[in-house]
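Visitor: Here is the input, now give the coordinates:
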Amino acid sequence: MEYNFTEIEKKWQKYWATHKTFKAEDSSIKPKYYVLDMFPYPSGAGLHVGHPLGYIASDIMARYKRHKGFNVLHPMGYDSFGLPAEQYAIQTGQHPKITTEQNIARYREQMDKIGFSFDWDREVRTSDPEYYKWTQWIFIQIFNSWYNKNSDKAENISSLINEFEANGNTNVNAVCDDYTKQFTAADWKAFSEKEKSDALMHYRIAYLGEAYVNWCPALGTVLANDEVKDGVSERGGHPVERKLMKQWSMRITAYAQRLLDGLETLDWTESLKESQRYWIGRSEGTSVKFKIHGSLSHPEVNTNLNEIEVFTTRPDTIFGVSFVTLAPEHDLVNKVTTAEQLAVVEEYVYVSKNRSERERQADVTKISGVFTGSYVEHPFTGKQIPIWVGDYVLAGYGTGAVMAVPAHDERDHKFAKHFGLDLPQVITPNKEHDFDKDAWGEKEGTLINSDFLNGLEVKAAIKKAIEEIEKKKIGCKKINFRLRDAVFGRQRYWGEPIPIYYKNDIPYALSDNELPLVLPEVDKYLPTEDGEPPLARAKDWKYRPAEGGEFEYELSTMPGWAGSSWYFLRYMDAHNGSEFASKKLMNYWNNVDLYIGGSEHATGHLLYVRFWTKFLKDLGYINIEEPAQKLINQGMIQGRSSFVYRIKLASIIPLANVEERINYDKQVFISKNIITKIFGDLKLEGVKADNVKRDTLYNLIKENIPDFPDKDAEGPLTALTIQTLNVDVNIVENDILDIEKFRNWREEYKTAEFILDDGKYICGYEVEKMSKSKYNVVSPDDIGEKFGADTLRLYEMFLGPLEQSKPWNTNGITGVSGFLKKLWRLFFLSPAGGGVANATGEDIAINVTDSEPTKGELKTLHKTIKKITEDIERFSFNTSVSNFMICVNELTEAKCNKRAILEPLLICLSPYAPHITEELWSLLGHKESIALAPFPMHNEEYLVDDSFSYPISFNGKMRLNIELPATLSVEEIEKEVMSREEVQKYLEGKTPKKIIIVPKKIVNIVI
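Guide: Residues are numbered from 1 along each chain as shown. Purely as a prediction, here's the structure:
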């Protein structure tokens, strides 16, 4: 019976869907196990072979845990709001919903073909109004909350209002905006409704305020920091500029310390934790205020500030300050800039603000800045210190200003050296150091030139400096975080509408019974001509309360991370219409036991989902602090690009034959091996070639392509150029190009000619990221069609450790395919092995016996069970595949067709290759899916060796092996060895001086 994977896989995929084999129970006496994948954004390109890697790994765990007796929740859905669908809508006019639904259908089709054990009854889509109703509801809870530092958690805004009514805000210990004005209870009562709203906005966790954002004019929206790469949008590569805008933001900074502390409780990789620690960026230090010398340059600007406040972790170096640097976005820049410096400062600020913060942090080689013309006074010496503007200072970190100590900070040092500023040394290092070369930034040494700090070691000086700063009331001890509040509003169409309306310029949240606020229809998906977001195009989209009136809705939509910040909870109760999920089910499923996804989400999604989880815990809606206990970042499957090599004709035919060269329209491609034989290199873009090599190549071309232009009289030669071109990897197999498919691939290649190597065109290759532009994307559909889904699943695991990046190479997949065929044949032994055959000798029935297995067969099986169990428990899926291959090879050699061996083997293999194992399980007579069969336990008794082959050495040189029972004592081993004729032959009648015996290892005879 032939292994027809196509029919087998269709059959079992249909069976699983019909019987809902993988449906999770919401109440069970079984222990629960929640395994979750980071759900995908459904792009138009569909899945390539790199995408399923994590899904296959999570599916293996889900299936394994079912075998182990767990009630498994393994859901899947779609992060279906996103910029690509909106950009397509802008270009074509097609509603993003249509594009998204088409893409989801494509994804679902592909995922079904791979045989994932998802509980599809729990599917969620973030763009579904029934889903984003609850995203909007959570936003409203966040809007109606403040962070109480005393209780160290979020609380309903009503408790803050009660405090304002009783005592004002004087005694409120909250996370709030800097420079929030103080007011009394009497002031509060006298405030207008607008003033009360404004006062509360300084405290709300979801708030409307001015913030510097990444504005992308081409996309017409604000982007998160993680959506900007090297100054351009991650999607589309459009320029991004920093812009001060009124925006909805979320006070994630209130949770900075808890986000940091929570990492210690998680079983996440240390590299991922370190990424979050860096992003949160906790530092201990002090604030210091430097008084601005003289009057502000622009007194017409309303400000009560006459000082610059900095945050420093090194107050011990305060006497080494030689200048103060402001971030280009700092509010005081235009106030302190003198008239003489105004033009140059404004130009610098404009250029700098359009570089992203990431770009400015990463580009340490580019030093730029400009003097404002103004000075501050040193808080201890009174000395005038120049104020500069420099883009190495970030508005989003600390106060957006630094006290520059160039002798003891490397970036300050480079800045000072570049602009010729002083480098006053205030620490004597504990080893020789050249201050002219670089800064001494170590927290070691003795203070000098520092007044009351002289003679102190650095650590003592830090403590003393803080004491003096606080005594003078020019600053205080402080903990600072790099983490900034998360910009929440987006000026785009395809996202969740923010459930806010405005009455008399005051934002109000919708009531629960008014949700969801559904996206309205618009005529275009672009911003309006006045620059308003696309939602402003909606006709008659107004808030009309029951009591009358008509009010404007908020026109921004939520960011892409909103819907993904709580989806793991919705899977627990996906169809609940009255709450985002029932408390009973959330208490049962608790948090995610295993979360698998890409490391690119370390400082985006994974921070936001932790933030929202802690918030919901604070308000009592859930009982968990963290969304996922264990997280694995799967590595990237890289593409294996293939290349063809085209001769640029101008470099072959002498210039004397210009006309003929121009008229020759065929393209000539030369096999890689020929190029390397002639030139020794493939990198021949514009390389000058000597006449001998050029003639060798020309003669080879002429020999293979008779109508190639004849060589004319010698004329001047141009540079030889061999162009390296990407070719679609799907028309290359084992680095051999399918020439006919290549000619049909693109119109310009229809008449292409080829110089072959032994009748074949050999392509070059390179490992790089999978990309459509490199034609190295491999579709799982193509692999499944050719080899089957089980082969794909096994091969993706076989490529290497789950967490590591590895190249995709279709060349190696035939070995995995052959393994499954070999497994299949164990159940259909040929007639010579006792099978049943028809007249042509073809097997027609499964041939498995109930005979007792041999010790060797039991050892092979139980060795495999033990290894596979250990492999899965430690997520070492690649070694499992190797172990399966070894097992099947041993059983094939033993011609094993015993039920007692093959059935447990099928269960072990089932998580990896579910289709073939289901089919064979069924053929063995089982009526219930193999997915529900208990996982076998290994028996150590079967792993004990009955005998051991001892290497026998004479004076340390191994001469022979002797097979002996494994249970023999040292004395018995010696007796057996010395009785053997072959041993006596090597002794040559001599008596051994010593016999060294290590049981089950060696025997060494010293003579």
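
Visitor: which stretches of this protein have low pLDDT?
Guide: The chain contains residues with pLDDT under 70 at 224-226, 230, 235, 295-305, 356-359, 361-364, 648-665, 681-691, 709-721, 829-844.

Visitor: per-domain residue ranges of it.
Guide: Residue ranges for each domain of the chain read 31-138+560-635, 282-481, 638-768, 782-942, 945-1006, as given by automatic domain parsing.

Visitor: Figure out how far the last one is from the centre of its chain.
Guide: Taking Cα atoms, centre = their mean, to the nearest Å, one finds the center of domain 945-1006 at 57 Å from the center of the full chain.

Visitor: Next, please give the residue ranges for the helices of the stretch 1-150 of the chain.
Guide: In the stretch 1-150 of the chain, the helices defined using DSSP state H, counting those that start in this stretch lie at 5-19, 52-67, 83-92, 96-114, 129-143.

Visitor: Please, where are all the helices along the stretch 401-550 of the chain?
Guide: 410-419, 458-471.

Visitor: hmm, back to that, which of the helices of the stretch 1-150 of the chain sits most buried?
Guide: Ranked by mean neighbour count, those are led by helix 52-67 with a mean of 24 (mean count of other Cβ atoms under 10 Å). In short, each C-beta sits where N, CA and C put it, glycine included.

Visitor: circling back: can you say which of the helices of the stretch 401-550 of the chain is nearest to Thr849?
Guide: helix 410-419 (75.2 Å; Cβ to Cβ).

Visitor: Check which residues of the closest one are buried.
Guide: For helix 410-419, a neighbour-count test (16 or more other Cβ atoms under 10 Å) marks 411-417, 419 as buried.

Visitor: other SSEs contacting it?
Guide: strand 323-326, strand 401-404 (3 or more Cβ pairs under 8 Å, 6 or more residues apart in numbering; DSSP states H and E).

Visitor: Relative to Tyr493, which of those is closest?
Guide: Nearest of the helices and strands packed on helix 410-419 (Cβ to Cβ): strand 323-326, 37.3 Å.

Visitor: Give the partner strands of the closest one in its sheet and their orientations.
Guide: strand 384-389 (parallel), strand 401-404 (antiparallel) (DSSP bridges).

Visitor: Check what contacts that strand and list those residues.
Guide: Strand 323-326 has contacts (Cβ atoms under 8 Å, 6 or more residues apart in numbering) with 290, 308, 310, 332-333, 336, 369, 372, 376, 385-390, 392-393, 400-404, 412, 415-416, 421.

Visitor: Quick one: name whatever helix or strand follows that strand.
Guide: Following strand 323-326 in sequence order, the next helix or strand is helix 333-336 (DSSP states H and E).

Visitor: And that following helix, what does it pack against?
Guide: helix 342-353, strand 370-377.

Visitor: Output the ones you listed as CSV; include the columns distance to Tyr543 and mean neighbour count.
Guide: Formatted as CSV, the helices and strands packed on helix 333-336 follow (distance: least, Cβ to Cβ, whole Å; neighbours: other Cβ atoms under 10 Å):
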stretch, distance to Tyr543, mean neighbour count
helix 342-353, 35, 16
strand 370-377, 46, 20
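
Visitor: Which of those sits closest to Glu86?
Guide: Taking Cβ to Cβ, helix 342-353 is the member of the helices and strands packed on helix 333-336 nearest to Glu86, at 25.9 Å.

Visitor: can I get the CA coordinates of that closest one in CSV?
Guide: In CSV, the C-alpha atoms belonging to helix 342-353 read as follows (Å, rounded to 0.1, in the frame of the first residue of the first chain):
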residue,chain,number,x,y,z
LEU,A,342,18.7,82.1,16.7
ALA,A,343,18.9,81.2,13.0
VAL,A,344,21.6,78.6,13.4
VAL,A,345,19.9,77.0,16.4
GLU,A,346,16.5,76.9,14.6
GLU,A,347,18.1,75.2,11.6
TYR,A,348,19.9,72.6,13.8
VAL,A,349,16.8,71.9,15.8
TYR,A,350,14.7,71.3,12.6
VAL,A,351,17.3,68.8,11.3
SER,A,352,17.8,67.0,14.6
LYS,A,353,14.1,66.6,15.4
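
Visitor: If you compare the directions of it and strand 370-377, what angle comes out?
Guide: Comparing the axes of helix 342-353 and strand 370-377 via axes from the mean of the first three to the mean of the last three Cα atoms, to 10 degrees yields an angle of 100 degrees.

Visitor: Would you mind listing the outside residues contacting helix 342-353?
Guide: The contact list for helix 342-353 (Cβ under 8 Å, 6+ apart) reads 212, 241-243, 328-329, 333-334, 337, 360, 368-370, 372, 389, 391.

Visitor: Turn the buried ones among these into a named PyMOL selection, would you?
Guide: The PyMOL selection below is limited to those of the contacts of helix 342-353 classed as buried (16+ other Cβ under 10 Å):
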select buried, resi 212+242+243+328+329+333+334+337+360+368+369+370+372+389+391
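
Visitor: closest to Phe643 among the contacts of helix 342-353?
Guide: Using Cβ to Cβ, those come closest to Phe643 at Arg360, 37.0 Å.

Visitor: For the closest one, which non-adjacent residue is closest in space?
Guide: The shortest distance from Arg360 to any non-neighbouring residue, by Cβ to Cβ, 6 or more residues apart in numbering, is to Asp391 (5.1 Å).
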